[in-house]
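In: Structure for the following, please:
(2 chains)
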2 protein chains.
Amino acid sequence: MPIESHEVRLASRPQGAPTAENFSFATVEVAEPGPGEVMVRNVCMSVDPYMRGRMNEGRSYVPAFEIGKPLEGSAVGRVIASRDAALPVGTHVLSFLGWREVYVAAAARLQVVDVSRAAASAYLGVLGITGLTAWVGLFRVAGLKAGETVFVSAGAGAVGGAVCQLARLHGCRVVASASSAAKVEYLREELKVDYAFSYLDGAPLDHLRRGAPEGIHVYFDNTGGPQLEAALYALRDFGRVALCGGIANYNTPAPGPRNLTVAIGKRLRLEGFIVSDHMKEMPAFLAEALPALESGRLASRETVVEGLEAAPGALMDLLHPGAGNVGKMVVKLAE
Amino acid sequence: MPIESHEVRLASRPQGAPTAENFSFATVEVAEPGPGEVMVRNVCMSVDPYMRGRMNEGRSYVPAFEIGKPLEGSAVGRVIASRDAALPVGTHVLSFLGWREVYVAAAARLQVVDVSRAAASAYLGVLGITGLTAWVGLFRVAGLKAGETVFVSAGAGAVGGAVCQLARLHGCRVVASASSAAKVEYLREELKVDYAFSYLDGAPLDHLRRGAPEGIHVYFDNTGGPQLEAALYALRDFGRVALCGGIANYNTPAPGPRNLTVAIGKRLRLEGFIVSDHMKEMPAFLAEALPALESGRLASRETVVEGLEAAPGALMDLLHPGAGNVGKMVVKLAE
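Out: Numbers count the residues shown, from 1 in each chain, chains lettered A, B, ... in the order given. Below you'll find the predicted structure:
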């Protein structure tokens, strides 16, 4: 029996910050699954800063969203009808099919998640692509070692929060920035970073000098812009930068770092990465992260909004400096 | 018997481009060598863009020149008095003691060069630190491989010219920029690069699209500034940038690349280096470069000025966009 579903589509491409007019809602009928397929009702969906890039025309590092089609992104759902023995009804699965309530897909395209060990939403965040992004950037790209000092921008965001926690678990000193006093408080009190500051309150470089008087070994860059410039000054000789995101540039381009020349004398290495190149690391990452979450050494902090209708607002909020979200932004759809 | 020598000293620190007033000339008496020392009369001295950075106050990647002291730099000279059996009179040696005619130094601090296989001045250029810089940047930092395409800015300069030739010797396609029509002609006719352009004539990115329609694998950056920005756009996925010099920023700071965010999606790696970290590679480099020079596959192009008095002007000229020098700038002092 076909089932009714709702989805969020891209209505038009934003100029600068996205607005409600850039999104539309649609009701669709989802047909029953064929052989080898399952029908899934999403339980929770991920809202991520990189989605802003995909709203633009042309190539970001992942293809642009198409106008009139649902926005893509990761979601965890429950199988509600199955024509594949590997995924019986009740199984929880991770998909990258985006902002819709119900879908049908080939079982082989979905990844089972164990909701007995952690909440479904954790697999969107600290145990999912978000956590893997932090882990790959720190340890595979930047080569962070125990005892080193790392600076992370947007530290109270989903990836940033995972960076803070994973770096501390590895015996590193952590300096983190955020865009509001509430987020700074969260970094200090909940994530226990060694030094936290708001990048809107004083010069970032002054904070880095205070938080890391002997300089930083690694900068995990979620923003680009003035914080990257400050980090280049604060990096020690042979420092490394993992270029992960450029949220400062997503809505409106920021000027480039005027001091890239310091990378010569300090022999700095700046390296961009995309987590999808590193999916084979997921088992190694989970072997570390899942026990850490279960034992309480790793926290999964989330900002949860309810219902499909709230999804566009959640994304708009996420892209706004000083926004209210802390940790992973999740849309809850069903139990 | 003491001997009279002349030297060039830093008189004051330049604001922007250096002028004649920033230099002074002095006559000194050089005492006879003590045990284990030799007296050397310089034959030729090197003039290098990085010297501009050392004229500033404070730390560049090498210490600042001191006011009232001779400018430091590399030179090849002939031993004219010896108290060390390893360096008899007549031996040619490379030093880093700078812009002076005669000096006394411990024999152990000097490096013998074989002037029977190549001219003394070649050891300042394509067989010396200049050539090693190109080699290390291409093969050790950027990991250039046969069949790849490399773009080098300031390609008609000393390091740039070595980059062009070494890359071609390794079976790579070479795109090079320069600052005048004469230099572009030199790149095309003498260095046989695949595509050469003046960065003052049209947008660098348009030239890169023409010279490397499928993009570049490696950018050897001698300039920073707008050419770095263009290169970031032209680089292929997993491209590498060897950050070697920032001549665009030496006299007046240029804006930073506004597009560093492309490094994320393209997984670019930008890495600064200093040749002095890689001196142990000199034998491996010379094993390749010396036979190539002797067989004519590697050319040592020089712009030679005569006499110590001409040295400050040679440096000022080198830093001027569109300057007349091609290849290595050398001051000739004696036969």
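In: Can you pull out the low-pLDDT segments for chain A?
Out: Counting by pLDDT under 70, chain A has low-confidence residues at A:59-61, A:248-254, A:321-324.
In: residue ranges for the strands of the stretch 151-300 of chain A, please.
Out: A:173-178, A:195-198, A:216-221, A:235-243, A:269-272 (DSSP state E, counting those that start in this stretch).
In: Kindly reformat those as a markdown table containing distance to chain B.
Out: From N, CA and C alone the C-beta is placed, and that goes for glycine too. Shown next, in a markdown table, are the strands of the stretch 151-300 of chain A (distance: least, C-beta to the nearest C-beta, whole Å):
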| stretch | distance to chain B |
| --- | --- |
| strand A:173-178 | 18 |
| strand A:195-198 | 23 |
| strand A:216-221 | 9 |
| strand A:235-243 | 5 |
| strand A:269-272 | 4 |
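In: Would you mind putting those into JSON lines with mean neighbour count alongside?
Out: Output for those, formatted as JSON lines (neighbours: other C-beta atoms under 10 Å in any protein chain shown):
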{"stretch": "strand A:173-178", "mean neighbour count": "27"}
{"stretch": "strand A:195-198", "mean neighbour count": "21"}
{"stretch": "strand A:216-221", "mean neighbour count": "28"}
{"stretch": "strand A:235-243", "mean neighbour count": "23"}
{"stretch": "strand A:269-272", "mean neighbour count": "25"}
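In: Quick one: closest of those strands to A:Lys332.
Out: Minimum separation from A:Lys332 across those (C-beta to C-beta) falls at strand A:173-178, 23.9 Å.
In: That closest one pairs with which strands?
Out: If you go by DSSP bridges, strand A:173-178 pairs up with strand A:149-152 (parallel), strand A:195-198 (parallel).
In: hmm, who's touching stretch A:298-306?
Out: Identification of contacts with stretch A:298-306 by C-beta atoms under 8 Å, 6 or more residues apart in numbering or on different chains yields A:118-119, A:121-122, A:125-127, A:161, A:165-166, A:169, A:186, A:190-191, A:289, A:292-293, A:311, A:313-314, A:324-332.
In: List the buried residues for stretch A:278-289?
Out: Residues of stretch A:278-289 classed as buried by neighbour count (16 or more other C-beta atoms under 10 Å in any protein chain shown): A:278, A:282, A:285-286, A:288-289.
In: of all these, which comes closest to chain B?
Out: Using C-beta to the nearest C-beta, A:His278 is the member of the buried residues of stretch A:278-289 that lies nearest chain B, at 10.5 Å.
In: How about the closest one, nearest residue that isn't a chain neighbour?
Out: A:Val136 (4.5 Å; C-beta to C-beta, 6 or more residues apart in numbering or on different chains).
In: Show the contacting residues for the one you found.
Out: Contacts of A:Val136 (C-beta under 8 Å, 6+ apart): A:273, A:275, A:278, A:281, A:285.
In: That one belongs to a helix, doesn't it?
Out: Yes - counting by DSSP: H, G, I helix; E, B strand; the rest coil, A:Val136 is located in a helix.
In: Relative to A:Glu57, how far out is A:Ala26?
Out: 22 Å (C-beta to C-beta, to the nearest Å).
In: Now the phi/psi pair for the residue in the stretch 101-250 of chain A that chain B sits nearest to, please.
Out: Closest residue of the stretch 101-250 of chain A to chain B, C-beta to the nearest C-beta: A:Gly246 (3.7 Å). Backbone geometry at A:Gly246, expressed as degrees, to the nearest 10, gives phi -130, psi 60.
In: Hmm, it is touching A:Gly225, no?
Out: Yes - in this structure, A:Gly246 is within contact of A:Gly225 by C-beta atoms under 8 Å, at 7.5 Å.
In: who has more neighbours, these two?
Out: A:Gly246 (26 against 22; other C-beta atoms under 10 Å in any protein chain shown).
In: In contact with that one, which residues?
Out: Residues near A:Gly246 by C-beta under 8 Å, 6+ apart: A:221, A:223-225, B:260-261, B:264.
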